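Asker: Predicted model and sequence below, questions to follow.
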Amino acid sequence: MSASLLRRGLELLDAPGRGKAPPGLQRGRDSPRVAGAVRRRKRAPEPSRNKATVKGRVVKSAIEEYHKKAAVDHLRANLQYMLKGRFVADKAITEQVLAQNRGRKSKDQPPKKAAKKKPEGTVFTEEDFRKFEREYFGRP
């Protein structure tokens, strides 16, 4: 809170019978310390060197810095490297490595492969059905 706002607030809260203090009794306004600070603030700024830079430092271009730090796509080079090698790991070894790196949670487990069902053939032949019909229904 600034001093002027504080003074205005005190004037509003001041008792109606009391007036302002005589100008000679006001405190701190014209003291030599305050006057020196005001004089220092009002002094004209001198042209001086930029203190933010270091002597001999070259200012870097922001675009160059961005290009240095930008992500580089290595996909093409990696694919060339991977396709260059002809060594293919054995399927059993590959499965073993995948099993070691797999977690214990159910989401990490591969889906269970359902065994293919063989189409069930009938045990009875057509001749057996005809024989059953004759015996059960009495038809020739």
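Answerer: Cool, the structure landed. From a predicted model like this one, the values you see are computed outputs, not experimental measurements.

Asker: going forward, measure contacts and count neighbours with C-alpha atoms only.
Answerer: Will do.

Asker: And the lowest mean pLDDT element among the helices and strands of this structure?
Answerer: helix 32-42 (a mean of 74; mean pLDDT, DSSP states H and E).

Asker: For the following helix or strand past that helix, give the mean pLDDT please.
Answerer: Sequence-wise, the next helix or strand downstream of helix 32-42 (DSSP states H and E) is helix 62-69. The pLDDT scores in helix 62-69 average 89.

Asker: mind checking the SS state of residue 136?
Answerer: helix (DSSP: H, G, I helix; E, B strand; the rest coil).

Asker: check contacts around it.
Answerer: With contact set as C-alpha atoms under 8 Å, 6 or more residues apart in numbering, residue 136 has no partners.

Asker: Please report the distance of it from residue 129.
Answerer: Distance, residue 136 to residue 129, by C-alpha to C-alpha, to the nearest Å: 10 Å.

Asker: same deal with residue 10?
Answerer: Applying C-alpha to C-alpha to residue 10 and residue 129 gives a distance of 116 Å.

Asker: so where is the chain shaky, pLDDT-wise?
Answerer: In the predicted model of the chain, residues 1, 15-32, 44-54, 139-140 satisfy pLDDT under 70.

Asker: Got the phi and psi for the spatially most central residue of it?
Answerer: By C-alpha atoms, centre = their mean, the chain has its centre lying nearest to residue 71, at 16.3 Å. Dihedral angles of residue 71 (phi, psi; degrees, to the nearest 10) stand at phi -70, psi 140.

Asker: Touching the helix or strand hosting residue 7 from outside, list them.
Answerer: Using DSSP H and E, residue 7 sits in helix 3-13. Helix 3-13 has contacts (C-alpha under 8 Å, 6+ apart) with no other residue.

Asker: buried set for it?
Answerer: Buried residues in helix 3-13, counted by 16 or more other C-alpha atoms under 10 Å: none are found.

Asker: what are the C-alpha coordinates of that helix, in CSV please?
Answerer: Taking Å, rounded to 0.1, in the frame of the first residue of the first chain, the C-alpha atoms of helix 3-13 are listed here in CSV:
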residue,chain,number,x,y,z
ALA,A,3,1.8,6.2,1.5
SER,A,4,-0.6,8.5,-0.4
LEU,A,5,-3.4,5.8,-0.2
LEU,A,6,-2.7,5.4,3.5
ARG,A,7,-2.9,9.1,4.1
ARG,A,8,-6.2,9.4,2.3
GLY,A,9,-7.6,6.5,4.3
LEU,A,10,-6.6,8.2,7.5
GLU,A,11,-8.2,11.4,6.4
LEU,A,12,-11.5,9.6,5.9
LEU,A,13,-11.3,8.0,9.3
